[in-house]
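J.: Dropping the sequence and predicted coords here.
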2 protein chains.
Amino acid sequence: MTTPSIPPAIAARLIEIDDADDPRVADYADIRERDRIGGGGFIAEGTVVLDHLLTSERFRPTSLFVLKARVAGLEPRLARVPDDVPIFVTERHVMDDVAGFAIHRGVLAHGIDRGHPDRADTADPGLAGFLDATVASAGPLVVAIGLANHDNVGAIFRNAAAFGAAGVILDATSCHPLYRKAIRVSVGTALTLPWHHGADLATIIAALEAAGRHLAALSPQGESGISALLQRGKLALLLGSEGTGLPEDVLSRCETVRIAMAPGIDSLNVATSAAIVLSRLYSAA
Amino acid sequence: MTTPSIPPAIAARLIEIDDADDPRVADYADIRERDRIGGGGFIAEGTVVLDHLLTSERFRPTSLFVLKARVAGLEPRLARVPDDVPIFVTERHVMDDVAGFAIHRGVLAHGIDRGHPDRADTADPGLAGFLDATVASAGPLVVAIGLANHDNVGAIFRNAAAFGAAGVILDATSCHPLYRKAIRVSVGTALTLPWHHGADLATIIAALEAAGRHLAALSPQGESGISALLQRGKLALLLGSEGTGLPEDVLSRCETVRIAMAPGIDSLNVATSAAIVLSRLYSAA
């Protein structure tokens, strides 16, 4: 068996880590126990997520942490890593010791917000600025309210990206999109699809109305079928939690939309519901 | 605070367990480590799954294992539990010790196949018998090939049930639908929607063709759009794994179908893809 050769320009950049307590990889310590990294950074896992991080306009890597055995196979990704970003390499037992659990993929990166390196969860440029920035996109905005489950938030990003959504707004009670598991389930789209997190529900509704978005809310008791949405202007699609749904005072300001389902079945997963509606909108556009 | 009263007929049936090693609850031992229970039984978690187990034609409970604090709130479910099914009750620390992890819902049941109490994974009545039994249903058959992920299999059941599928066929390399997590993610529909698990791919394709099903396969490179399927007869919708997809020789015998997606996005979750297609078929029926 021959080992694939590593180009000299890459090989010269690799920094070997042989001690799990090495402070240079402190950003990767105990990541299973920490949903987010101190100082606003986040952890990207796997090659597909890394690709999104390397092409993101909003975020950038501060370092990579990769198994030695994966390096040769990571070409040409590593060649696209900016020169000032260190590439740490190690053996599997050291990486697992640092992270606190088995990192099957063997590829990690630590990232930050380019504009706000200390706080990736900043509300700047503000919700109004976010709406201005997404107004040129023809796609709908997806609005998550009270969605605390990391898998659901990640899946909503994946589905929103698949069907050309303009972006995602998450209220303050929703899971942050830069949680490790949310990024992973989003398949990296949380790093490339525009989003805003942290406003309260009333602020979000007022801003969407001011921006002229047609408010549509998914609800098992919705009055409209999906096809009614195909006739509307620029949409904001509101999603509430599977348990409690959206508050009545919010529903009363929205066109409520139901997904036709077999008798006796009362709900779908929220990200799946979003996918069904977004797919119909995308196919009709 | 008043404690809700428990009807005497229920109270008389409750069997208290105060020792985690009590052999009467051996079916619940270490369920986290055991995907399935010896002898073909399975574990149902939570009230919604219990409801499916209590109404299932194919499966029935052999016992319930419930936190004392949950008993009063489980009326009228407990009244529907057959008289010969013991209802074990306990405190949280005993239940968690038995199960090997924290059972947040506090409601467990052990179930078996009525027709095959020793082996829930039996292939009887055979694939041909299964196809005969589902032929009267107007809904499509969902066919899972090589889907080893428990969450995906559970989600496929949830979505198939939501959109009136006739049943689910899973090949031998797919996760068994009675795995604990698959049942939970299916929200209990794995206990009520007809399914067949365990045949090999060639047998499945031949049986579907013999039964006159129109074979449609989801594929990112599919030739047809979803709307083409609305004109077909009785459908079998084939789903392959996200990683490897379906083999070429199978695709060549199917109408291949793609879901329109934004440029640069190459895939959706397999259960989400199924939901999008099944929803369109259901709404058009």
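T.: That came in fine, so what should we check first?

J.: ok, and the closest non-adjacent residue to the residue nearest the centre of chain A?
T.: Closest residue to the average C-alpha location of chain A: residue A:190 at 2.1 Å, with C-alpha atoms, centre = their mean. Leaving aside its sequence neighbours, residue A:190 sits nearest to residue A:177 (C-beta to C-beta, 6 or more residues apart in numbering or on different chains; 4.2 Å). For every residue, glycine as well, the C-beta is placed using N, CA and C.

J.: Now that neighbour. Its backbone dihedrals?
T.: phi -70, psi -10 (degrees, to the nearest 10).

J.: So residue A:5 sits against residue A:75, correct?
T.: No: Residue A:5 lies out of contact with residue A:75 (C-beta atoms under 8 Å); the separation is 9.7 Å.

J.: Between the two, point out the one with more neighbours.
T.: Remark: of residue A:5 and residue A:75, residue A:75 carries more neighbours, 14 against 9, as counted by other C-beta atoms under 10 Å in any protein chain shown.

J.: residues in contact with the more buried one?
T.: By C-beta atoms under 8 Å, 6 or more residues apart in numbering or on different chains, the contact list for residue A:75 reads A:6, A:7, A:10.

J.: That one and residue B:152: what is the separation?
T.: 31 Å (C-beta to C-beta, to the nearest Å).

J.: Next, the buried residues of the lengthiest strand in chain A.
T.: Assignment by DSSP state E gives strand A:59-67 as the longest strand of chain A. Residues of strand A:59-67 classed as buried: A:59, A:60, A:61, A:62, A:63, A:64, A:65, A:66, A:67 (neighbour count, 16 or more other C-beta atoms under 10 Å in any protein chain shown).

J.: Stretch A:94-114 too?
T.: Going by 16+ other C-beta under 10 Å, stretch A:94-114 has these buried residues: A:94-96, A:98-99, A:103, A:105-113.

J.: now do stretch A:44-61
T.: A:44-54, A:56, A:58-61.

J.: which residues touch it?
T.: Contacts for stretch A:44-61 (C-beta under 8 Å, 6+ apart): A:42, A:64, A:74, A:77, A:80-82, A:85, A:103, A:105, A:107-115, A:120, A:180, A:183-184, A:187-189, A:191-192, A:194.

J.: Return the subset of the residues you listed lying in strands.
T.: Per DSSP E, the contacts of stretch A:44-61 map to strands at A:42, A:64, A:107, A:108, A:109, A:110, A:111, A:112, A:113.

J.: In contact with residue A:230, which residues?
T.: Counted by C-beta under 8 Å, 6+ apart, residue A:230 has contacts A:280, A:281, A:284.

J.: could you redo the last one with a cut-off of 10 Å?
T.: Residue A:230 is in contact with A:280, A:281, A:283, A:284, A:285, counting by C-beta atoms under 10 Å, 6 or more residues apart in numbering or on different chains.

J.: Can you give me the domain assignment for chain A?
T.: A:8-113, A:126-284 (automatic domain parsing).

J.: Return the distance of stretch A:244-257 from the chain's centre.
T.: 25 Å (C-alpha atoms, centre = their mean, to the nearest Å).

J.: can that stretch be found next to chain B?
T.: No: judged by C-beta under 10 Å from any C-beta of the partner chain, stretch A:244-257 makes no contact with chain B; its nearest approach is 12.6 Å.

J.: near chain B, which of the contacts of stretch A:44-61 show up?
T.: The subset of the contacts of stretch A:44-61 within reach of chain B, by C-beta under 10 Å from any C-beta, is A:187, A:189, A:192.

J.: circling back: between the buried residues of stretch A:94-114, which is nearest chain B?
T.: Nearest to chain B among the buried residues of stretch A:94-114: residue A:105, at 13.3 Å, using C-beta to the nearest C-beta.

J.: Can you pull the phi/psi pair for that closest one?
T.: phi -70, psi -30.

J.: Looks like residue A:103 contacts residue A:25 (just checking).
T.: No: applying C-beta atoms under 10 Å as the test, residue A:103 and residue A:25 come out as separate, 12.0 Å apart.

J.: got any ranges where chain A has weak pLDDT?
T.: Applying pLDDT under 70 to chain A flags the ranges A:1-4, A:35, A:37-39, A:116-125.

J.: What are the boundaries of the strands in it?
T.: A:14-16, A:42-45, A:59-67, A:87-90, A:107-113, A:141-144, A:167-171, A:195-199, A:214-218, A:235-239, A:255-257.

J.: Looking at the stretch 101-250 of chain A, what residue ends up closest to chain B?
T.: For the stretch 101-250 of chain A, C-beta to the nearest C-beta, closest residue to chain B: residue A:164, 4.2 Å.

J.: you'd agree that residue is up against residue A:281?
T.: Yes: counting by C-beta under 10 Å, residue A:281 is a contact partner of residue A:164 at 8.4 Å.

J.: shared neighbours of these two, anything?
T.: In contact with both residue A:164 and residue A:281: A:139, A:140, using C-beta under 10 Å, 6+ apart.

J.: picking up where we left off before, save the strands of chain A as CSV, and put in distance to residue A:159 too.
T.: Output for these, formatted as CSV (distance: least, C-beta to C-beta, whole Å):
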stretch, distance to residue A:159
strand A:14-16, 37
strand A:42-45, 20
strand A:59-67, 20
strand A:87-90, 32
strand A:107-113, 22
strand A:141-144, 8
strand A:167-171, 10
strand A:195-199, 14
strand A:214-218, 13
strand A:235-239, 11
strand A:255-257, 16
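
J.: Those: which one's closest to residue B:268?
T.: Of all those, strand A:141-144 sits nearest to residue B:268, with 15.0 Å by C-beta to C-beta.

J.: what comes up buried for that closest one?
T.: A:141, A:142, A:143, A:144.

J.: residue contacts, the last one?
T.: Pointing back at residue A:144 there. When contacts are taken as C-beta under 10 Å, 6+ apart, residue A:144 is in contact with A:152-153, A:156-157, A:160, A:168-171, A:173-175, A:177, A:195, A:197, A:204, A:237-241, A:270-271, A:274.

J.: Drop anything exposed from these.
T.: Here, 16+ other C-beta under 10 Å leaves A:152-153, A:156-157, A:160, A:168-171, A:174-175, A:177, A:195, A:197, A:204, A:237-241, A:270-271, A:274 buried among the contacts of residue A:144.

J.: who's in contact with the closest residue to residue A:154 other than its chain neighbours?
T.: Leaving aside its sequence neighbours, residue A:154 sits nearest to residue A:185 (C-beta to C-beta, 6+ apart; 2.7 Å). Each residue near residue A:185 by C-beta under 10 Å, 6+ apart is listed here: A:149-158, A:179, A:271, B:269.

J.: Just the helices from chain A, written as ranges.
T.: A:8-11, A:47-55, A:68-71, A:92-99, A:126-134, A:150-162, A:180-185, A:201-210, A:226-229, A:248-251, A:270-284 (DSSP state H).
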